[in-house]
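[1] I'll drop the sequence and a predicted model, then ask my questions.
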Amino acid sequence: MIGADGEQLGVMTPDVAWQRAVEEGLDLVEVAPNASPPVCRIMDYGRYKYELKKKSGKSKGHSAALKEVKLRPRTDDHDLNFKLKNARRFLIDGDKVKVTVMFRGREIVHTALGRQQLDRVKEMIGALASVESPPRMEGRFLSMIMVPNREAVAEARKAEEAAAKAELAEKEQEAAKDEATAAKE
């Protein structure tokens, strides 16, 4: 029998061990049933299960999800920039990005336009990502998968943080000026 503090309590009958666990307000758990005599421990079993679950969840970390950005062969520059802003955010978060060009109706004849669109995407994203799988046709969809480049992502994060700090400092200066003008009036 092992106590709640980890001290050895010695050999005792199951009834006495159970009574002792009830007195402490904890559970009696059989730790080694195959030992002779079986080893039991006084513990909070719910807390023990919770800590095991917490430990197993920590080791997983961030697994790269596959996010998708859908385009059309004739997607305009502004719309393309907007969609690529989301793609950059996904890449910075560590996710893979699948860029898909959808063809409808007679557009399927002009797959070259879709390939040009994907080339523009590669060029606009630049060093932030590398192509994991090159563009390939899957029915009416032309798609490629891009994975984040760790060094470029780290630099992009630093640049974002610096921009956020600069914006915060600018807002603080404006607030100080507003307070100064309010005090003069």
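    Looks like it came in fine.
[2] gap between the helix or strand hosting E68 and the chain center?
    Secondary structure from DSSP states H and E places E68 in strand 66-71. How far strand 66-71 lies from its chain's middle: 17 Å, per CA atoms, centre = their mean, to the nearest Å.
[3] same check on stretch 103-116?
    With CA atoms, centre = their mean as the basis, stretch 103-116 stands 34 Å off its chain's centre.
[4] for it, which outside residues touch it?
    R72, P73, R74, V101, P135, M137, R140, F141, L142 (CB atoms under 8 Å, 6 or more residues apart in numbering). The C-beta positions use only the backbone N, C-alpha and C, and glycine is treated the same way.
[5] now for E68, how many residues are close by?
    If you count neighbours by other CB atoms under 10 Å, E68 ends up with 13.
[6] quickly list the domain ranges of this protein.
    With domains defined by automatic domain parsing, the chain comprises 14-58, 66-148.
[7] make CSV from those domains and add distance to K171 and mean pLDDT to it.
    Shown next, in CSV, are those (distance: least, CB to CB, whole Å; pLDDT from 0 to 100):
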stretch, distance to K171, mean pLDDT
domain 14-58, 36, 87
domain 66-148, 22, 91
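[8] which among the ones you listed is found nearest to T181?
    Taking CB to CB, domain 66-148 is the member of these nearest to T181, at 36.0 Å.
[9] still on that earlier bit, could you say which of the domains of the chain is packed most deeply?
    Each of the domains of the chain was assessed for mean neighbour count using mean count of other CB atoms under 10 Å. The highest is domain 66-148, with a mean of 16.
[10] ok so, going back, the strand holding E68 pairs with which strands?
    strand 96-102 (parallel) (DSSP bridges).
[11] right, and the helix or strand after the partner strand?
    Beyond strand 96-102 toward the C-terminal end (DSSP H and E), the next one is helix 111-125.
[12] just the angle for the lengthiest strand in the chain relative to strand 96-102, thanks.
    Selection of the longest strand in the chain by residue count, based on DSSP state E, yields strand 129-138. Calculated by axes from the mean of the first three to the mean of the last three CA atoms, to 10 degrees, strand 129-138 forms an angle of 40 degrees with strand 96-102.
[13] which residues sit against the next helix or strand after strand 129-138?
    Next along the chain after strand 129-138, taking DSSP H and E as the criterion, comes strand 141-148. Contact partners of strand 141-148, identified using CB under 8 Å, 6+ apart, comprise 64, 66, 87, 91-92, 94-103, 111, 114-115, 118, 122, 125, 128-136.
[14] one more time with 7 Å
    91, 94, 96-102, 111, 114-115, 118, 125, 128-136 (CB atoms under 7 Å, 6 or more residues apart in numbering).
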